[in-house]
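Asker: Could you work out the structure for the sequence below:
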Amino acid sequence: MREPRGSSGLPSAAPNLRALVECALGSTRGLATFNERANNLKTHQQRERMTISVGELVRDIKPNRTVLFFGSGSSIPSHAPSVSELQKHFEAVFHVSASGYTLAEQTAIIEHRTRDRPRLIHELRSKFKGIAPTGALLNLPLYEWKSIFTTNYDTLIEDSYKRRSSPIYACSSNFDFGIKEDPRAVQLFKLHGTLEKDVCDGDRSRIILTSNDYDLAHEFREQLFDRFRADIAGCHLVIIGHSLADPDIKAVIDRALSIISKAGGGGRITAFIFTKDEGRATLFETRGLSVCFGGIDDFFAALTRLIVPVPATSMPASGDPLDLHPELRPTTLDVAHERTSASSNVAAMFNGWPASYADIAAGLTFSRNVASEIVEQFKTDDKSVAILLGPSGVGKTTAARQVLSGLVATGVFCWEHKEDHTVQSDAWRKLAAYLKASSVKGCLLIDDAHVELSEVNDLADYLASDKNTWLKLILVSSTSQWYPRIKTSSIHKLGKEYFLNRVRSVEIDRLLNLAENVPAVRALVEGNFAGFSRAERRQRLTQRCEADMFVCLKNIFSSDKLDDIILREYAGLPVPLQEIYKVVAAMEAAGVRVHRQLIIRMLGVPPMQTGGGYRTSFTNRLWTSGRVFMLGREGTRSLWASSRNISTIRKTNASICSAE
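Answerer: Numbering: from 1, shown residues only. So this is what the prediction gives:
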């Protein structure tokens, strides 16, 4: 069939090409369009060039000529409280609203009203109780930094050095300078004080918390600021913080720029910021500052590849095998740390996200049978890989995390790979060799394993060739993404597949017990569902919802946010499958009984595309879309009615097509 053509004789599907041809033919409108696009592209490229990449930043770093400055937010990955969390806590305890006030203003009001600074400081310290460094921050002692400055109160940096048995000298006021220093020690200067010292304890140093404290920030700290001025002269200052809008970060940048300007240049300043803010970045860059956006894990992951770390003189006292392979720290979650240091968040699960390790430890999930089956599998040595498959929204990630939570309680070292980074198969092979030599068991969870299948294949081959079963693997993926891809024979040899789709009868009872007996969960149960008797609830989930995990949750909680599970799955599909997904969802919601041949004939799917992996993917999409029909007949919102949310997903996935 001939393609439809526009007025210029070109296919109508080529508007960009048509505009260029019109421009060449002298069309004024085409020329204006071309010039506008060219200018927009030029402006965009100039704006993109202004910020630097993590790789560019790290290439220029020489630790002994680099001063690190850790600002607000740099401790959050280790589960230190954020500013907003502190404000909410103070509001709950002292009944002083956080709305419209900064933390300094709110705490100043509290101190003025209560005249009780010791209690205020006690509540501040309580929010930092039990936190410990994790992830990339543990790599900080591996490099010989010129010095380190921070505005954070916590002791995470000191604890990182103690864990490595590396000397560090912390100074929070002028009075600390009289203490004899270890010449090998890295020097840490805490400009806003430290949790351990405050005037309410009788110490001459104070924690800079309230606005009144900020007025006294320079009192007894002149030598700290003098040292800051001396250290950054002619060196590279890297400021690590959460946002360019943070007034503390802005104050540090202003001070550093002023110092370098008065010294006649010779120094360099880079702001490494977690929250992307191109507007403010442009303002700072015009003043001679370099800006790089990324996470602290990205920063230290790049450092491990480009800079040779200082070799450890002895085995760390922690006994954690991961300390022997620091290149894995920025890309790996330590399950034991997540269980004990993180806070549970039932609201995140209510909004469609998997349960965290803290949620599992707090009893906010119900146990899945498949988790117990995988634990039993790992008790033997013949099958060291568990492959957990199923569609979105059935609880695969939560079930896998339940496995790790159970294993870590028995003394097994457990880790989860962070999805935003590449699996380092060579490093994991070396760690597995250490586990085998030490007769220590470990387990690694890789979620969305199909994304990193090349590295996963390599790791499985390594473990098979080394005859190493001491490192167990849990691979989680959706069925449609897993089967079409090529897997090494080692995965089939070492692995056992588990399918998760329906909620079993005994699991429905556990789910109902959770909704009835846990207050944090019970508070979120939808009113109509709560009005049924226990027998009616069970019948509703078993028969009317057909024991589908996603539909069960929708019936119990009736949260529109749970639809994001389906929408995220939809966003990850190739465009042809998105079209099939939408058609199936619409037909199911309209009451049509959909089958595979009906869709093939309606959409004209070529016969060659219905075989092999495409068939598996296609069939899985039909099954998932069937869940949408069940939502529609239960009176809750269907995917087809959720098309207004697809525009949100389009921002993160340019290939998405919104439902009409």
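Asker: how far is stretch 222-235 from where the chain is centred?
Answerer: 35 Å (Cα atoms, centre = their mean, to the nearest Å).
Asker: same question but for stretch 109-118, I mixed them up
Answerer: Worked out by Cα atoms, centre = their mean, stretch 109-118 lies 37 Å from the chain centre.
Asker: And for stretch 420-439?
Answerer: That offset, for stretch 420-439, works out to 22 Å (Cα atoms, centre = their mean).
Asker: got it, and stretch 352-365?
Answerer: Counting by Cα atoms, centre = their mean, stretch 352-365 is centred 15 Å from the centre of its parent chain.
Asker: avg pLDDT for that stretch?
Answerer: On average, the pLDDT along stretch 352-365 is 90.
Asker: in that stretch, what's buried?
Answerer: For stretch 352-365, a neighbour-count test (16 or more other Cβ atoms under 10 Å) marks 352-362, 364-365 as buried. In this view, the C-beta of every residue, glycine as well, is placed from N, C-alpha and C.
Asker: Mind listing residues that contact it?
Answerer: Applying Cβ atoms under 8 Å, 6 or more residues apart in numbering, the contact partners of stretch 352-365 are 335, 338-340, 342-346, 348-349, 393, 395, 397-398, 401-402, 404-405, 514, 518, 520-521, 559, 561-565, 568.
Asker: Also stretch 329-339?
Answerer: Residues outside stretch 329-339 that contact it (Cβ under 8 Å, 6+ apart) are 132, 134-136, 138-139, 296-301, 304, 320, 322, 356-358, 360-361, 401, 404-405, 408, 413-418, 421-424.
Asker: Kindly write the ChimeraX command that selects the buried subset of those.
Answerer: Typed into ChimeraX, the line below selects the buried ones among these, using 16+ other Cβ under 10 Å:
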select :132,134,135,136,138,139,296,297,298,299,300,301,304,320,322,356,357,358,360,361,401,404,405,408,413,414,415,416,417,418,421,423,424
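Asker: Among the contacts of stretch 329-339, which ones are in helices?
Answerer: 296-301, 304, 357-358, 360-361, 401, 404-405, 408 (DSSP state H).
Asker: Of those residues, which one scores lowest on pLDDT?
Answerer: On pLDDT alone, Thr304 ranks lowest of the ones in helices among the contacts of stretch 329-339, at 82.
Asker: does the nearest residue to that one once chain neighbours are set aside count as helix, strand or coil?
Answerer: In space, not counting the residues next to it along the chain, Thr304 is nearest to Glu327; the distance is 4.1 Å by Cβ to Cβ, 6 or more residues apart in numbering. Classification of Glu327 using DSSP: H, G, I helix; E, B strand; the rest coil returns helix.
Asker: Could you verify my assumption that Glu327 touches Ala427?
Answerer: Yes. The pair Glu327 / Ala427 is scored as a contact, 5.3 Å apart, by Cβ atoms under 8 Å.
Asker: In ChimeraX, how would I select the buried members of the contacts of stretch 352-365?
Answerer: Buried subset of the contacts of stretch 352-365, written as a ChimeraX selection, criterion 16+ other Cβ under 10 Å:
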select :335,338,339,340,342,344,345,346,349,393,395,397,398,401,402,404,405,514,518,520,521,559,562,563,564,565,568
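Asker: Any chance you could list what contacts stretch 73-85?
Answerer: 72, 89, 98, 103, 127-128, 131-137, 150, 152, 154, 156, 240-243, 246, 274, 295-297, 341-343.
Asker: Emit the ChimeraX select command for whichever of these are buried.
Answerer: In ChimeraX, a selection of the buried entries from the contacts of stretch 73-85 looks like this (16+ other Cβ under 10 Å):
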select :72,89,98,103,127,128,131,132,133,134,135,136,137,150,152,154,156,240,241,242,243,246,274,295,296,297,341,342
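Asker: Just the ones of the contacts of stretch 73-85 in strands?
Answerer: 150, 240-241 (DSSP state E).
Asker: now those residues as TSV including distance to Ser166 and pLDDT?
Answerer: Listed next are those as TSV, based on distance: Cβ to Cβ, whole Å; pLDDT from 0 to 100:
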residue	distance to Ser166	pLDDT
Thr150	17	94
Ile240	19	94
Gly241	24	91
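Asker: Find me the pLDDT at Thr340, would you?
Answerer: 88.
Asker: The nearest residue to it once chain neighbours are set aside and Leu156, how far apart?
Answerer: In space, and not counting its chain neighbours, Thr340 is closest to Gly130: 7.1 Å by Cβ to Cβ, 6+ apart. Distance, Gly130 to Leu156, using Cβ to Cβ, to the nearest Å: 12 Å.
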